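Asker: I need the structure of the sequence given here:
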Amino acid sequence: MKRDRFPQYRGSQWDRKITNPDNPNFWKYGVANLIFVDCIKGKKFVLDLGCGTGGSTIFLAQKADAERIIGVDLVSSMIKEAKKNVTGRLEQKVDFVICDARHLPFRPSRFDALISRGNAFCFLVPLKNAVQELKRVIAPKGVIVLEMDNRVDWTPGATISAGFRKTSDGKIAFVIERFTAKRDHKSVSYILNPDGKIARKVANDHELREKGYKAMEYSFQKIRKETVEIRHGARTHWPTAKELLTLFKSCGFRHVQVMGDGLLMKLLLDGDKEIVKAMKRISHLFFDVEKRLVPYVDANKAPTMILTATLP
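Answerer: Numbering: from 1, shown residues only. Alright, predicted model coming up:
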């Protein structure tokens, strides 16, 4: 039995997605970047946790007054792509490191601020240990700003999805995703025999080629008969706003606040065509409007959350 340590996406593929206005992450990340700039004013040394391909790292290097920004990520292809994205004078201000954020290779009190977007924090289970590690590298009066999905669309204790996907190594897998009663996300991939009937048929399916996913049409019993390998995905934990608040306060942080976000992301998914056209035409104005609305959005109901906290 194999356990996957990484998400399914990889560097260049992820970079293309998040810079595409048709992708929901483009909108929530654009707002998060503006919030980061406001929150780290006056901070010299900044850590970007789960930096991916360097979107926020580079944005802060361009827009914020920090002297040094270091991005860290566990996925080597992300860091490779991030380094490609840094050009000119930014090379003197930005650096990227491959590491597990639960064991950061930095001395205590190294950073004045820590930011993170894109659910990276949810991978750092157990979260309480992760918060203590983040606290270790933050200097007194340092700030932490985290952006993550709220998962209000997932029902605890339910199966989220079951269907076919292509794995990062090109195989066909039947993937079952569950959201446990304790708000842990767990996935199991049943890798199919490439010469089997199911894999051959699914591999040529138009929906799978176009969307990368196809809902189940076979009985699980038949799928198990053609399974040659089972992989367990990395466990993640998706806290509620209240849980986040309690966690950071119990670890000694002050001025802890959890705000709602993700309005533009929801508009993209649910809005009419004219609204979406306007969003794409003047995205920077929409980013600024949502940034101003964030403090007034109910974090318990919003699709995305922003946490801010300060170390005494």
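
Asker: how many other residues sit next to residue 12?
Answerer: When neighbours are counted by other CB atoms under 10 Å, residue 12 registers 14. In this view, the C-beta of every residue, glycine as well, is placed from N, C-alpha and C.

Asker: Can you tell me the SS state at it?
Answerer: helix (DSSP: H, G, I helix; E, B strand; the rest coil).

Asker: and if you look at residue 72?
Answerer: Put simply, residue 72 is strand when judged by three-state DSSP.

Asker: ok, it - contacts?
Answerer: 47, 48, 49, 50, 51, 96, 97, 98, 99, 101, 104 (CB atoms under 8 Å, 6 or more residues apart in numbering).

Asker: let's see it at 10 Å
Answerer: 47-51, 57, 78-79, 95-101, 104-106, 116, 120 (CB atoms under 10 Å, 6 or more residues apart in numbering).

Asker: Give me the subset of these that lies in helices.
Answerer: Counting by DSSP state H, these place 57, 78, 79 in helices.

Asker: for the residues you listed, which one is nearest residue 309?
Answerer: residue 57 (20.4 Å; CB to CB).

Asker: How about the contacts made by the closest one?
Answerer: By CB under 10 Å, 6+ apart, the contact list for residue 57 reads 46-48, 51, 69-73, 82, 85-86, 90, 93-96, 115.

Asker: Send over the helix or strand hosting residue 189 as CSV, restricted to the C-alpha atoms.
Answerer: In the assignment (DSSP states H and E), residue 189 maps to strand 184-192. Output of strand 184-192 as CSV, limited to C-alpha atoms (Å, rounded to 0.1, in the frame of the first residue of the first chain):
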residue,chain,number,x,y,z
ASP,A,184,-10.3,15.4,8.1
HIS,A,185,-10.1,14.9,4.4
LYS,A,186,-9.0,11.4,3.3
SER,A,187,-8.7,10.0,-0.2
VAL,A,188,-8.0,6.5,-1.5
SER,A,189,-7.0,5.9,-5.1
TYR,A,190,-7.5,2.5,-6.7
ILE,A,191,-5.0,2.3,-9.5
LEU,A,192,-6.5,0.3,-12.4
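
Asker: Could you look up the SS state of the residue nearest to residue 167 when sequence neighbours are not counted?
Answerer: Spatial nearest neighbour of residue 167, chain neighbours left out: residue 173 (5.1 Å); criterion: CB to CB, 6 or more residues apart in numbering. Counting by three-state DSSP, the backbone at residue 173 sits in strand.

Asker: For burial, what's the neighbour tally of residue 173?
Answerer: By the criterion of other CB under 10 Å, residue 173 has 24 neighbours.

Asker: my read: it touches residue 227, true?
Answerer: Yes - if you go by CB atoms under 10 Å, residue 173 and residue 227 touch, sitting 9.1 Å apart.

Asker: what about residue 254, neighbour count?
Answerer: The local packing of residue 254 (other CB under 10 Å) involves 11 other residues.

Asker: Could you list the buried residues of the longest helix anywhere in the chain?
Answerer: Identified as the longest helix of the chain according to DSSP H is helix 24-39. Buried residues in helix 24-39, counted by 16 or more other CB atoms under 10 Å: 24-37, 39.

Asker: ditto for stretch 76-90
Answerer: 77, 78, 79, 81, 82, 83, 85, 86.

Asker: Show me what it is in contact with.
Answerer: With CB under 10 Å, 6+ apart as the test, stretch 76-90 has contacts from 6-7, 9-16, 19, 48, 50-55, 57-58, 61-62, 69, 71-73, 75, 91-99, 168.
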